[in-house]
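S.K.: Have a look at this prediction, sequence included:
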Amino acid sequence: MCGIVGYIGTRTAYPILIKGLQRLEYRGYDSAGIALMDNGNASLYKCKGKVRDLENLVSGQNIAGTIGIGHTRWATHGLPNDVNAHPHKSMNGKFILVHNGIIENYASIKKMLTKNGYKFQSETDTEVLVNLIENIYLEEKVSAETAVQTALRMVVGAYGIVVICLDEPDKLIASRKSSPLVIGCGEGEYFLASDATPITEYTDRVLYLNDEEIAVVSTNGISLKNLNNEAKELVISRLNLSIESFDKGNFPHYMLKEIHEQSTTIADSFRGRINNDMTQIMLGGINEVIPRIAKAKRIVIVACGTSYHAGLVGEYLFETFARQQVEVEYASEFRYRDPIIEEDDVVIAISQSGETADTLAAIRMAKEKGALILGICNVVGSSIARETHAGVYTHAGPEIGVASTKAFTAQVIILTMMAYLIGKRRGFISDETYHSLIEQVLEIPDKIKEILKDEDHIKEISQKYVEATNAIYLGRGFLYPVALEGALKLKEISYIHAEGYPAAEMKHGPIALIDDKMPVFVLGTKDKYYEKIVSNIQEVKARKGKVIAVVTQGDTTIKHLADDVIEIPEIDESLSPILSVIPLQLISYYIAVMRGCNVDQPRNLAKSVTVE
Ligand code: G6P
């Protein structure tokens, strides 16, 4: 979703801003723009399209200036076009602003400004905000900082903003509420961005802005206050990210790289969390609250998208091993439903980015109701990670492809370890079983490598279904959420309509769709549902559907029934989601590539959904 960059220092801002915008491309966007300040004069360039279109627009123009801001826009109010692109300039030219978020009361503010003589060029809520700031500045004759503070006290909604005031051209003013903003601190130079991705190559010292904080950044330093003008402490954190982790390496797409990385990212997720003799799982981030989790009557998991599917696997895990009641909720539904949350409930938020607006709002609400809030996040220092009482980082490294792959398997392995740990503590897992499960966790990386060796075969299978217009994914038990995830992967990057179903539910609707053109992906590994899944496959075949089955190595029964099979190594059924999702990730990747789709940046999608 919208990406913000800003630079103030002694170097030419333009290349830093463009590179920063490129680094943020993965978030998803439809237009881009920059504003540069050179000796008090502003140049503003913006257009619909990609950052390279912006570069073409700017080519041959004045790019001088050591202060600037940039933006990639994911349209919320108004079409993606040149006029609606950011930055936005106020009517009298005093302020320029970039914004991520939604100003919910923009209509009433716009009305008030219109009465004051303001005219608007765009359909955006952002132009309303920049004019509100200017109106306050001119009418109340206050500093730019005070004008921004006053304006932000009036707005309802979410914002991450960076503002330039042309009368005070030696500073950038930044603030946030519910939309992320990070300031990288160099020597006499500062890098502002929606996330740390563009900052990593310049500095590892960062300041994460908190909600309703306002930072005034100049080459002399940062002054941090709240919206009531009270000073706030500057807390500088260290980033632990390498610049290489943002490159594609030798892979044609980030998504393929991230699928392949899973043998190492899974190991990174459990590294240091299992003792040498494989008798203990240690999750430092939740250690102190383990007694409270073990006592919880109910666990509520909130998440969106792929993270929600990981949460569904979590439900099976906690119920099976810890014998605790689990509810998995779409964060967007949960937050508006006034759900019943008791003080002895544990709420687990799962989020790769740690910035998803609905998930963030959901945990804030549950926190107010007194529940223990845990986070399973990938991005260190993200809003959700900071607002939870305790949590476990997934350590999957930066995930750039919009379609989540390695973050999903990392979330699932963390949930698995949590469920085993709590189950053991609650006395539902014997020492022997615990040891055997832990042993199998450690074997996952090698088993993933084995699956990836079959990539050419998986690619050949994908070729057969490139022309499909619909697809069904079926699974049962632990593998039902994987069916949902497989379908999501296919639809989000190849634009083929796909539905995931619990295999037995097929008879209650989807079976009507099956004909000789319908690919049906079936998760049919050897578990307690195996015989049932075999029957479901027969039902599909009886209607001439094409069955592509993921099976356990050495399977013969399904091999005879299915059109195509992909074998995966044997593993405990609680760990099979991690292995069985990988062929489905590869199939969706190859089908999308063969259909000529933009795999890493699919249309209309955003990596980090920072508006509700
Ligand atoms: C977006 C992304 C998905 C992701 C979902 C939740 O829709 O495109 O890949 O699963 O948001 O994001 P989160 O960062 O909270 O896991």
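M.R.: Cool, got the structure. Residues are numbered from 1 along each chain as shown.

S.K.: Could you look up the SS state of Val396?
M.R.: For residue 396 the amino acid is Ala, not Val. Put simply, Ala396 is coil when judged by DSSP: H, G, I helix; E, B strand; the rest coil.

S.K.: number of nearby residues for it?
M.R.: Neighbours of Ala396 under the rule other CB atoms under 10 Å: 27. Any C-beta I mention is one placed from the backbone N, CA and C, and that applies to glycine too.

S.K.: Grab the nearest non-local neighbour of it.
M.R.: Ala410 (3.9 Å; CB to CB, 6 or more residues apart in numbering).

S.K.: which residues are contacting the biggest helix by length in the chain?
M.R.: If you go by DSSP state H, the chain has its longest helix at helix 431-452. Helix 431-452 is contacted by residues 259-260, 262-264, 266-267, 270, 274, 278-279, 281, 413, 416-417, 420, 424, 429, 568-569, 571-572, 574-575, 578-579, 582-583 when judged by CB atoms under 8 Å, 6 or more residues apart in numbering.

S.K.: Mind giving me the PyMOL command for buried ones among those?
M.R.: The PyMOL selection below is limited to those of the contacts of helix 431-452 classed as buried (16 or more other CB atoms under 10 Å):
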select buried, resi 259+260+262+263+264+266+267+270+274+278+281+413+416+417+420+424+429+568+569+571+574+575+578+579+582+583
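
S.K.: Thought Leu36 was touching Phe64, still the case?
M.R.: Wrong residue type there; residue 64 is Ala, not Phe. Yes. Assessed by CB atoms under 8 Å, Ala64 is found in contact with Leu36 at 7.1 Å.

S.K.: Strands - which of the contacts of helix 431-452 land there?
M.R.: Ile568 (DSSP state E).

S.K.: that older thread, average pLDDT across the longest helix of the chain?
M.R.: Confidence over helix 431-452, taken as the mean pLDDT, stands at 97.

S.K.: Now the element after that helix, going C-ward?
M.R.: Past helix 431-452, further along toward the C-terminus, the next helix or strand under DSSP states H and E is helix 455-464.

S.K.: Okay, angle between that following helix and helix 431-452 too, please.
M.R.: Orientation check (axes from the mean of the first three to the mean of the last three CA atoms, to 10 degrees): helix 455-464 against helix 431-452 gives 70 degrees.

S.K.: Check which helices and strands helix 455-464 sits against.
M.R.: strand 564-568, helix 576-594 (3 or more CB pairs under 8 Å, 6 or more residues apart in numbering; DSSP states H and E).

S.K.: how much does it deviate in direction from helix 576-594?
M.R.: Using the same axes, to 10 degrees: helix 455-464 against helix 576-594 is 60 degrees.

S.K.: could I get helix 455-464 in PDB with only the CA atoms?
M.R.: Provided in PDB are the C-alpha atoms of helix 455-464 (Å, rounded to 0.1, in the frame of the first residue of the first chain):
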ATOM      1  CA  GLU A 455      10.400 -28.400  -9.300                       C
ATOM      2  CA  ASP A 456      10.600 -29.300 -13.000                       C
ATOM      3  CA  HIS A 457       7.900 -31.800 -12.700                       C
ATOM      4  CA  ILE A 458       5.700 -29.300 -10.800                       C
ATOM      5  CA  LYS A 459       6.400 -26.800 -13.600                       C
ATOM      6  CA  GLU A 460       5.300 -29.400 -16.200                       C
ATOM      7  CA  ILE A 461       2.100 -30.000 -14.300                       C
ATOM      8  CA  SER A 462       1.500 -26.200 -14.200                       C
ATOM      9  CA  GLN A 463       1.800 -26.000 -18.000                       C
ATOM     10  CA  LYS A 464      -1.300 -28.200 -18.300                       C
END
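
S.K.: Could you identify the helix or strand that succeeds that helix?
M.R.: strand 470-475.

S.K.: Just the C-alphas of that following strand, formatted as PDB.
M.R.: Output of strand 470-475 as PDB, limited to C-alpha atoms (Å, rounded to 0.1, in the frame of the first residue of the first chain):
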ATOM      1  CA  ASN A 470     -11.500 -21.900 -12.400                       C
ATOM      2  CA  ALA A 471      -9.900 -24.300 -10.000                       C
ATOM      3  CA  ILE A 472     -10.900 -26.100  -6.800                       C
ATOM      4  CA  TYR A 473      -8.700 -26.900  -3.900                       C
ATOM      5  CA  LEU A 474      -9.600 -29.600  -1.400                       C
ATOM      6  CA  GLY A 475      -8.200 -30.700   1.900                       C
END
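
S.K.: Could you tell me the average pLDDT over that strand, please?
M.R.: The model assigns strand 470-475 a mean pLDDT of 97.

S.K.: buried sites along the next helix or strand along the chain from it?
M.R.: Next helix or strand after strand 470-475 toward the C-terminus (DSSP H and E): helix 480-494. The neighbour-count check on helix 480-494 (16+ other CB under 10 Å) flags 480-494 as buried.

S.K.: Report the distance from the helix or strand containing Met365 to the chain centre.
M.R.: If you go by DSSP H and E, Met365 is part of helix 357-368. From the chain centre to the centre of helix 357-368 is a distance of 16 Å (CA atoms, centre = their mean, to the nearest Å).

S.K.: mind listing what's buried in that helix?
M.R.: 357-367.

S.K.: Could I get those residues in JSON lines, plus columns for pLDDT and distance to the ligand?
M.R.: Formatted as JSON lines, the buried residues of helix 357-368 follow (pLDDT from 0 to 100; distance: CB to the nearest ligand atom, whole Å):
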{"residue": "Ala357", "pLDDT": "92", "distance to the ligand": "9"}
{"residue": "Asp358", "pLDDT": "94", "distance to the ligand": "8"}
{"residue": "Thr359", "pLDDT": "97", "distance to the ligand": "5"}
{"residue": "Leu360", "pLDDT": "96", "distance to the ligand": "9"}
{"residue": "Ala361", "pLDDT": "94", "distance to the ligand": "12"}
{"residue": "Ala362", "pLDDT": "96", "distance to the ligand": "11"}
{"residue": "Ile363", "pLDDT": "96", "distance to the ligand": "11"}
{"residue": "Arg364", "pLDDT": "95", "distance to the ligand": "15"}
{"residue": "Met365", "pLDDT": "95", "distance to the ligand": "16"}
{"residue": "Ala366", "pLDDT": "96", "distance to the ligand": "16"}
{"residue": "Lys367", "pLDDT": "96", "distance to the ligand": "17"}
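
S.K.: Of the residues you listed, which is the nearest to Lys507?
M.R.: Minimum distance to Lys507 across the buried residues of helix 357-368 is 33.2 Å, recorded for Asp358 (CB to CB).
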